[in-house]
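> build me a structure from this.
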Amino acid sequence: MSEAIVLVGTKKGLWVGRSDEERQDWEWSEPAFLMEAVYGTCIDNRGAEPRLLVGGASEHWGPGVYYSDDRGATWTETQAAPVRFPQELGSSVERVWQIQPAGPNDPDVIYAGTEPSALFRSTDRGESFSLIRSLWDHPHREKWQPGGGGQAIHTVLADPVDETHVTVAMSTGGVYRTYDGGETWNPANVGIMAAHAPDPWPEFGQCVHKIAAHPAAPQRIFAQNHGGVYRSDNAGDQWTSIADGLPSDFGFPIVVHPRRPETVFVFPLTADINRFPPEGEARVWRSEDAGETWTPSESGLPDRFFASVLRDAMTADNAKQMGLYVGARDGSVFVSTDDGANWSQIAAHLPDVLSVRAAVV
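This next block holds a predicted model:
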């Protein structure tokens, strides 16, 4: 019998929720990794059993990566080669921002994006990691600057067909991609504005908050920028603004519908200092035509809401009838199982929600 699992990473630990395929009544675990900030969560569904992965950061012990093969009942920390820089580099990982499986052609490969901006690769499904030196040694790296939340690789998109094609996004630095399995990396930011820069259209240096793509249409990528919502129809060669019709072009997450590549969701915030929804109303905005038009989704969401939703705190599951999840910095979590038409609250009073991942397994 299938069950729905949602991982909610917070400023003070991880909560695991379980439900049936209706996803209305949820049971919650006791918190794991108490007092660790959980920025990265992942449900790897490629094996016979799902593997759950978590990137935690202890203020005392530093960052760690953990995995569970029993749906969160027990956890194992990576030991042999955790997410660490080689000693000779003289750098240290502050936190793991992203844990992302590769495509089906690489069933044991998992990527980890970190702060500072670095990309690590595992070939044993997350039990050990090695630094991808080509990106770390990139000549642009010394000019990448930290954004408000740090200087990190926060998104990894692995092409589901071509395993040599990987795209990453960082704040602040922009979008970079490889077509040769990580031997070389090139910026892919043409058309993304950097309003804070002396040259508003630089080769790199954009503060991209999140990128997303549908596995069936990997050439089309959507981006939520620090000011700007964009679409690329050629894997990042050129970007076009799709922000018209939104109440604000500032926000953090962007999510593509897992069944419909033309449907995309964002959670706008008031830019730039008042980081809460416009008019203090929680609204998920949906486009069903790849960003040409937008409509608000609000039924069941609060009308008075002054929390923000971070870049990894909105996600979709893989169910036949997609579930869309939103976690906020006030500790609330909401789900919609009808493409955002109606919402229900499934958790409240948690610590700041940093990341949400969900799947039916």
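> centroid residue for this structure?
Asp312 (3.8 Å; CA atoms, centre = their mean).
> residue contacts, it?
9, 39-41, 97-98, 154, 210, 253, 354-357 (CB atoms under 8 Å, 6 or more residues apart in numbering). Any C-beta I mention is one placed from the backbone N, CA and C, and that applies to glycine too.
> of these, which belong to strands?
9, 39-41, 97-98, 154, 210, 253, 354-357 (DSSP state E).
> distance of Asn45 from Thr76?
Asn45 sits 19 Å away from Thr76 when distances are taken as CB to CB, to the nearest Å.
> helices of the protein, residue ranges please.
For the chain, the helices defined by DSSP state H cover 133-136.
> who does Ser232 form a beta bridge with?
Ile221 (DSSP bridges).
> what about it, neighbour count?
Ser232: 24 surrounding residues under other CB atoms under 10 Å.
> can you pull the buried residues of stretch 300-313?
Using 16 or more other CB atoms under 10 Å as the test for burial, stretch 300-313 gives 301-302, 305, 307-313.
> how about stretch 290-302?
Going by 16+ other CB under 10 Å, stretch 290-302 has these buried residues: 290-291, 294, 296-298, 301-302.
> same deal with stretch 232-249?
232, 235-236, 239, 242-243, 246-249.
> what would those look like in CSV with distance to Val264 and pLDDT?
Formatted as CSV, these follow (distance: CB to CB, whole Å; pLDDT from 0 to 100):
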residue, distance to Val264, pLDDT
Ser232, 13, 98
Ala235, 16, 97
Gly236, 16, 97
Trp239, 14, 98
Ile242, 8, 98
Ala243, 12, 98
Leu246, 11, 98
Pro247, 16, 97
Ser248, 16, 97
Asp249, 14, 97
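> and the two most separated of these?
With CB to CB as the measure, no two of the buried residues of stretch 232-249 lie farther apart than Ala235 and Pro247, at 29.2 Å.
> in this structure Tyr325 contacts Val309, no?
No - contact criterion CB atoms under 8 Å: Tyr325 and Val309 do not qualify, at 10.4 Å.
> how near is Gly72 to Ile211?
Distance from Gly72 to Ile211, by CB to CB: 28 Å.
> same question for Thr315.
14 Å.
> drop anything exposed from the ones in strands among the contacts of Asp312.
9, 39-41, 97-98, 154, 210, 253, 354-357.
> mind putting those residues in CSV, distance to Asn342 included?
As requested, those are exported to CSV (distance: CB to CB, whole Å):
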residue, distance to Asn342
Gly9, 25
Tyr39, 29
Gly40, 30
Thr41, 25
Trp97, 31
Gln98, 30
His154, 30
Lys210, 25
Pro253, 20
Leu354, 26
Ser355, 24
Val356, 18
Arg357, 22
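> and which of those residues is nearest Asp106?
Nearest member of those to Asp106, counting by CB to CB, is Gln98, at 16.6 Å.
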